[in-house]
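Visitor: Take a look and give me a structure for this.
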Amino acid sequence: MPFTRAQLRGNLYNLSIGLGKQRTADAIASNGIEDALEFTGKSEGDYKGITIYIPTAVSSDDVERIADIITSSIRLTHLGVAYVGSGILDYELIGLGLSSTDLNDIIQRMLRIVYFEDYWPVDWGEDSDFAAPLTTDPHDWTSGAVNMTTIAKVATTGVPGQSGKRNLRLTGDATGNGYVIDRRLNVEPGDRLHHGAVARCNDTGTLSYVLYDVTNSAAISTVTFAARAFQLIQRDDDVPSGCFQVERRFGNVTASGVTEWDHLFGHHLDARSLNVPSFINEKYRFLGFGPARYHGRSTGTDRLNADGREYLTWAKGGPLDYELYPLHEAAEPQFLQIGRRGGLKSEEYWIHCKRQRSDIETLDNETDTSNVLEDEAMEALQFLLYDTLHSKHHDMTGASEWMERRDYWKERVDFRRYSKPLIQPTPADRGVVFLGMRGRGGW
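Guide: Numbers count the residues shown, from 1 in each chain. From the prediction side, this is the model:
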């Protein structure tokens, strides 16, 4: 179930360590919060060091210090601004010397230490699986776009043929022939590229995928179709004479048409080393490598139904097959060396890996949601919470009452990170046959 930032703060308040609580007021007015159940019979001293947090208020009024308690009303301290609730009743009380900024920062940092398993399509571009939440980072899909009305990341579910967390949805304008551009690839004439995409039309229009010769301003190959089911586009193309740079242009042929793109892929057919995405900066994050095979029927020239995808993993046979080299000080911090006989073929390749949830989620506001598993989130949140409390409250010797809890939950986070059971995809054939002679005692 998806979690909001408010729900995760509520889980922290429920740890019974006196961190805080979430309340619904009777009223919130310019002179304070009225909450008879919470404040009747209390005095200002009962709330010493407590911060009032109204998450849905404007940022200038969302955090206030308690000034006074009058009967059933608690006053807010404002810097010349009279707060008007506008129907807002939810508020929080935060203690232990922490602020709402501290708690929201802990929640965002949690996303950086909780990992999930993923498949990343090998490609020469960035954001090739469209998993990042923004359309401008790590690749700016809006830059250079032509005849587009809307460029958006969407998370559709239950559609056969999808592979990832998000798709890129493109809505063309009334002119037609709209497209966006991926990262350019430097090439040499005669190079041979294997490339493609998985995509579909969301209406009755026609989709277009083009490998474009930037040097000579000409299309090298074009694939179009009008299918609403996700389709695999897959091609081998020779780089033409005089071409030194290519890009892919993909979008809508039909005026005002809507298309949805699941991922891009591509590599040189003579490649023996592949750059890997920057989030794989340690070997434990790299789990495997291999092709995807599609068993669906051919639905047209250069395309198949995408729901026939099967992930395969090359048997890890040392450098004879493949090896990841994380070279942190090199120009490319990490690359995958291919040692298998015959190298890469005309197939779509995927890297099996662990990724930080911060790659696909932000939780930087009250409306964002995260699909993080609750037990994983709480382990990481407790480690970060107790680490923050320790840093604020340790004594001259560096000790605090929070140290033991911090260290315990850090062990849990590390254990989950390094020992989580892995997906076991179908192994791929090595393509090597070993022959021998039967002797005594066996082969």
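
Visitor: CA atoms for contacts and neighbours, from now on please.
Guide: OK.

Visitor: what's whichever helix in the chain runs longest packed up against?
Guide: In terms of residue count, the longest helix belonging to the chain (DSSP state H) is helix 374-393. On a contact count with 3 or more C-alpha pairs under 8 Å, 6 or more residues apart in numbering; DSSP states H and E, helix 374-393 meets helix 5-13, helix 100-113, helix 403-419.

Visitor: a markdown table for those helices, including mean neighbour count?
Guide: Shown next, in a markdown table, are the helices and strands packed on helix 374-393 (neighbours: other C-alpha atoms under 10 Å):
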| stretch | mean neighbour count |
| --- | --- |
| helix 5-13 | 19 |
| helix 100-113 | 19 |
| helix 403-419 | 15 |
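
Visitor: Return the residues in contact with the nearest residue to Q245 once chain neighbours are set aside.
Guide: Leaving out its chain neighbours, the residue that sits closest to Q245 by C-alpha to C-alpha, 6 or more residues apart in numbering is N186, at 4.4 Å. Counting by C-alpha atoms under 8 Å, 6 or more residues apart in numbering, N186 touches F244, Q245, V246.

Visitor: Where neighbours are concerned, which of these has the most?
Guide: Neighbour counts for those peak at V246, which has 24 neighbours (criterion: other C-alpha atoms under 10 Å).

Visitor: how would you label that one: helix, strand or coil?
Guide: strand (DSSP: H, G, I helix; E, B strand; the rest coil).

Visitor: quick one, what contacts it?
Guide: If you count contacts by C-alpha under 8 Å, 6+ apart, V246 has them with R184, L185, N186, V187, L211, Y212, D213, V214, T215.

Visitor: Export those as CSV, with columns for pLDDT and distance to G45.
Guide: Shown next, in CSV, are the contacts of V246 (pLDDT from 0 to 100; distance: C-alpha to C-alpha, whole Å):
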residue, pLDDT, distance to G45
R184, 96, 64
L185, 96, 66
N186, 96, 68
V187, 97, 72
L211, 98, 70
Y212, 98, 71
D213, 98, 73
V214, 98, 71
T215, 98, 74
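
Visitor: Out of these, which end up buried?
Guide: Buried positions within the contacts of V246, assessed by neighbour count (16 or more other C-alpha atoms under 10 Å), are V187, L211, Y212, D213, V214.

Visitor: Checking my notes, the third one in a strand, right?
Guide: Yes: inclusion of Y212 in a strand is indicated when three-state DSSP is applied.

Visitor: wait, isn't it in contact with A219?
Guide: Yes: using C-alpha atoms under 8 Å, Y212 is in contact with A219, at 4.4 Å.

Visitor: If you rank every helix and strand of this protein by mean pLDDT, what lands last?
Guide: Least confident helix or strand, the chain: strand 426-428 with a mean of 69, by mean pLDDT, DSSP states H and E.

Visitor: List the residues that contact G266.
Guide: Applying C-alpha under 8 Å, 6+ apart, the residues near G266 are V122, D123, W124, L193, H194, H195, G196, E348.

Visitor: can you list these in a markdown table and add neighbour count, pLDDT and distance to D140?
Guide: Listed next are these as a markdown table, based on neighbours: other C-alpha atoms under 10 Å; pLDDT from 0 to 100; distance: C-alpha to C-alpha, whole Å:
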| residue | neighbour count | pLDDT | distance to D140 |
| --- | --- | --- | --- |
| V122 | 24 | 96 | 19 |
| D123 | 25 | 96 | 16 |
| W124 | 22 | 94 | 15 |
| L193 | 19 | 98 | 23 |
| H194 | 20 | 98 | 23 |
| H195 | 24 | 98 | 20 |
| G196 | 26 | 98 | 20 |
| E348 | 25 | 96 | 24 |
